[in-house]
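*Asks:* The sequence and its predicted three-dimensional model are supplied below.
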Amino acid sequence: MNKKTYLTTPIYYANASPHIGTAYTTIAGDVWQRFQLQHKKESFFLTGTDEHGLKIEKKAQDLKMKPQELVDKISAEFQYLWKKLEIANTHFIRTSDIKHQKIVQAVLDDFFQKGIIYKGKYEGLYCVGCEQFKNPSDLIEGKCPDHNIKPELVQEESYLLKMSEKQSELINKIKTDQLKIRPLKYKKEILSFLENQVLEDIAISRPQVKWGIPLPFDSQHTTYVWLDAFLSYLTGFGWKGPQDKKRGKEISSHFFHLIGKDILRVHATIWPIILMHLNLELPQKIFVHGHILSRGKKMSKSLGNVISLEEMLEKFNVEATRYLLLSAGSFGEDVDVTLERITEKYNADLANGLGNLVSRVISLNKNLKVSIPEKKELGNFQLFLEKKLRFDKALEEIWKIIEESNVYIEKNRPWELMKSNQKKYKKVMSILTSNLFLIADLIQPFMPQTALEIEKSLKNNQATILFPRIIK
RNA sequence: CGCGGGGUGGAGCAGUCUGGCAGCUCGGGUGGCUCAUAACCACCAGGUCGUGGGUUCAAAUCCCACCCCCGCAACCA
């Protein structure tokens, strides 16, 4: 299983800078990817930016920029920050890439010819003040929050994508795990949604939005997010278009999508149906994670509970940030985070735990040579990390070794053996250094730099402070 | 009767699918150690597992009812 993987994060909407949530998904993907590579498995890892649509058009207008300039800037921010966070993605897709746009148009043509896309009407609540359609969930007491007026029910011409004809096939694939949705509660949730209503055909074009990919068969319309963004999962891995069946099947059958719970529904309905219409395979797995909350609530500026990436990176280093995000709670559930708790965890796990053990062992190891032990595999560790995506539990397995090592030191008192029993002292130290090599190896997908530093200090027999203790 | 999740020592959580002594981390207390980043180790205190009922030799776990909190309700990670 998992001989080959095309791993994806969602593509992030390029109307604002990266935040802690996007980093969370991307770091998780990166850890998984690094584990695959470390174990000599073939895996490709895609992330990117979603760069079209009305919101970007408007924001660019406000900033007196061209939309392309805005998305260039924001996409560059994402790429810069991912690099800083040591994200080792193999591809980065931007939906404003000309190649991508051409392929989307080819798909649009293909679907239109086959009647999968047809001309119809989109009906929605239109706010005259905003000059755009509103989502019912954006409204407060039925009114537009920006203009305090009730939007009108308006119809406009739009192209629609057929959905319901594929519905029962989709239900079946999800039920039988041919399309695996994990954790199980999300599979349950989506099945309950799919079994309780007939999917409506969805609008895939808008006549009034200029910043988008024009429909090849009707230049008055640009394509709406669905086909544009979802197809990036294929184009990002080098798919050439509807004729490129071979590559399409190769990629789609090995898809592993990592997403947040907010976009589960569209990933488990619209996206697989697009793939079916293309006669491609369905993804192997969609793994859904929860959100990062702060004091039990969504982070929001008005609540003042936002923890920014910049803040974390400044207070801790990059590697600690990666560790702290992924160890904050069960991946899959919502995770509650506050700066105080995260700092406590930093001190406990990284400074007093891992960091202290490293300097402790190395300074005990005085003049002894170290030999590099053979690699060991830990069954639970691999299960948690690779299959269950329980990064928190995988890390706990590593921390058990740290704890055992501390107990072992306490029991054997190598600082005394050093003087009284050289032979035993050497043996004890060799076990301890082996443990550290093992820890470095296991920790490598999470904190690649730290892993290297541990190995380096061991080989040079030079103690370092990996994670300075933070005093409030 | 829209859908789903949650309620477990002071805090944050795991455990629930597959019933079997209530566990982890942090915080608090006592003692120990002195190799280490005022770090580390041992022990202790602290829980009617939201409420009520049911099934069972046995329920945090399964079933029923109720209370409270939180998401989602077709593009916010």
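*Replies:* Now that the structure is in, tell me what you want to look at. Numbering: from 1, shown residues only, chains lettered A, B, ... in the order given.
*Asks:* going on from the lowest-mean-pLDDT helix or strand in chain A, what's the next piece of helix or strand?
*Replies:* Of all helical and strand segments in chain A, the minimum by mean pLDDT, DSSP states H and E falls on strand A:132-134, at a mean of 63. Heading C-terminal from strand A:132-134, the first helix or strand you meet, by DSSP states H and E, is strand A:152-161.
*Asks:* and that next one, what other elements does it pack with?
*Replies:* With contacts taken as 3 or more CB pairs under 8 Å, 6 or more residues apart in numbering; DSSP states H and E, strand A:152-161 sits against strand A:117-127, strand A:202-203, strand A:205-206, strand A:218-223, helix A:270-277. Placement of C-beta: from N, CA and C, glycine included.
*Asks:* does A:Lys366 count as helix, strand or coil?
*Replies:* When classified by DSSP: H, G, I helix; E, B strand; the rest coil, A:Lys366 comes out as coil.
*Asks:* List the contacts of it.
*Replies:* Counting by CB atoms under 8 Å, 6 or more residues apart in numbering, A:Lys366 touches A:418, A:461.
*Asks:* show me the contacts for whatever residue of chain A ends up closest to RNA strand B.
*Replies:* At 1.6 Å from RNA strand B, A:Gly355 is the closest residue in chain A, using CB to the nearest atom of the strand. Taking CB under 8 Å, 6+ apart, we find A:Gly355 in contact with A:465-468.
*Asks:* what subset of those is also close to RNA strand B?
*Replies:* When contact is defined as CB under 7 Å from any atom of the strand, the contacts of A:Gly355 meet RNA strand B at A:465-468.
*Asks:* Can you pick out the most distant pair from these?
*Replies:* By the measure CB to CB, A:Leu466 and A:Pro468 form the most distant pair in the ones next to RNA strand B among the contacts of A:Gly355, at 8.4 Å.
*Asks:* burial of A:Tyr80, as a residue count?
*Replies:* Using other CB atoms under 10 Å, A:Tyr80 has 11 neighbouring residues.
*Asks:* ok, now A:Leu357?
*Replies:* So A:Leu357, with other CB under 10 Å, has 22 neighbours.
*Asks:* so where does it fall, helix or strand?
*Replies:* Per DSSP H and E, A:Leu357 falls inside helix A:356-364.
*Asks:* Need the residues that contact that helix.
*Replies:* So helix A:356-364 is in contact with A:402, A:405-406, A:409, A:414-415, A:418, A:429, A:432-433, A:435-436, A:454, A:457-458, A:461-466, going by CB under 8 Å, 6+ apart.
*Asks:* Among the residues you listed, which lie within helices?
*Replies:* Here DSSP state H is the test, and the contacts of helix A:356-364 give A:402, A:405-406, A:409, A:414-415, A:418, A:429, A:432-433, A:435-436, A:454, A:457-458 as lying in helices.
*Asks:* Weed out the non-buried ones from the residues you listed.
*Replies:* A:402, A:405-406, A:409, A:414, A:418, A:429, A:432-433, A:435-436, A:454, A:457-458 (16 or more other CB atoms under 10 Å).
*Asks:* And the helices in the stretch 151-300 of chain A?
*Replies:* Using DSSP state H, counting those that start in this stretch, the helices of the stretch 151-300 of chain A run over A:167-175, A:184-195, A:225-230, A:232-235, A:245-252, A:264-268, A:270-277.
*Asks:* so can I have CSV of those showing mean neighbour count?
*Replies:* Formatted as CSV, those follow (neighbours: other CB atoms under 10 Å):
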stretch, mean neighbour count
helix A:167-175, 15
helix A:184-195, 15
helix A:225-230, 22
helix A:232-235, 26
helix A:245-252, 17
helix A:264-268, 19
helix A:270-277, 22
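*Asks:* what would these look like in TSV with distance to RNA strand B and mean pLDDT?
*Replies:* As requested, the helices of the stretch 151-300 of chain A are exported to TSV (distance: least, CB to the nearest atom of the strand, whole Å; pLDDT from 0 to 100):
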stretch	distance to RNA strand B	mean pLDDT
helix A:167-175	9	89
helix A:184-195	4	84
helix A:225-230	4	90
helix A:232-235	13	96
helix A:245-252	20	96
helix A:264-268	5	90
helix A:270-277	6	94
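*Asks:* who's in contact with A:Ile454?
*Replies:* So A:Ile454 contacts A:358, A:436-437, A:439-440, A:443, A:466 (CB under 8 Å, 6+ apart).
*Asks:* Widest-spaced pair of these?
*Replies:* It's A:Phe437 and A:Leu466 that sit farthest apart of the contacts of A:Ile454, by CB to CB, at 15.1 Å.
*Asks:* just to revisit the earlier point, now the helix holding A:Leu357: buried residues?
*Replies:* Under the neighbour-count criterion of 16+ other CB under 10 Å, helix A:356-364 has A:356-358, A:360-362, A:364 buried.
*Asks:* Then stretch A:440-450?
*Replies:* So for stretch A:440-450, counting by 16+ other CB under 10 Å, buried means A:440-448, A:450.
*Asks:* what does that stretch rub up against?
*Replies:* With contacts defined as CB under 8 Å, 6+ apart, stretch A:440-450 is touched by A:30-35, A:38, A:86, A:318-320, A:322-323, A:326, A:354, A:375-376, A:378, A:381, A:385, A:391, A:395, A:397-398, A:401, A:451-452, A:454-455, A:458, A:466.
*Asks:* Let's see which of the residues you listed end up in helices.
*Replies:* Per DSSP H, the contacts of stretch A:440-450 map to helices at A:30-35, A:38, A:318-320, A:322-323, A:326, A:381, A:391, A:395, A:397-398, A:401, A:451-452, A:454-455, A:458.
*Asks:* Among the ones next to RNA strand B among the contacts of A:Gly355, name the buried ones.
*Replies:* By 16+ other CB under 10 Å, the ones next to RNA strand B among the contacts of A:Gly355 give A:466-467 as buried.
*Asks:* Could you dump the ones next to RNA strand B among the contacts of A:Gly355 into JSON lines with pLDDT added?
*Replies:* Output for the ones next to RNA strand B among the contacts of A:Gly355, formatted as JSON lines (pLDDT from 0 to 100):
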{"residue": "A:Ile465", "pLDDT": "94"}
{"residue": "A:Leu466", "pLDDT": "95"}
{"residue": "A:Phe467", "pLDDT": "96"}
{"residue": "A:Pro468", "pLDDT": "95"}
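*Asks:* now the ones next to RNA strand B among the contacts of A:Gly355 in TSV, with distance to A:Ile74?
*Replies:* Below are the ones next to RNA strand B among the contacts of A:Gly355 laid out as TSV (distance: CB to CB, whole Å):
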residue	distance to A:Ile74
A:Ile465	36
A:Leu466	34
A:Phe467	32
A:Pro468	33
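*Asks:* so who does A:Glu57 touch?
*Replies:* A:67, A:209-211.
*Asks:* can we see that at 6 Å?
*Replies:* For A:Glu57, the contacting residues are A:67, A:211, by CB atoms under 6 Å, 6 or more residues apart in numbering.
*Asks:* From the chain's centroid, how far away is the one helix or strand it maps to?
*Replies:* Applying DSSP H and E as the criterion places A:Glu57 in helix A:54-62. Averaging C-alpha positions (CA atoms, centre = their mean, to the nearest Å) puts helix A:54-62 26 Å from its chain's average.
*Asks:* got the contact list for whichever helix or strand comes after that helix?
*Replies:* Using DSSP H and E, the helix or strand that follows helix A:54-62 towards the C-terminus is helix A:67-84. With contact meaning CB under 6 Å, 6+ apart, helix A:67-84 is reached by A:14, A:17-18, A:49, A:51, A:56-57, A:60, A:94, A:96, A:211.
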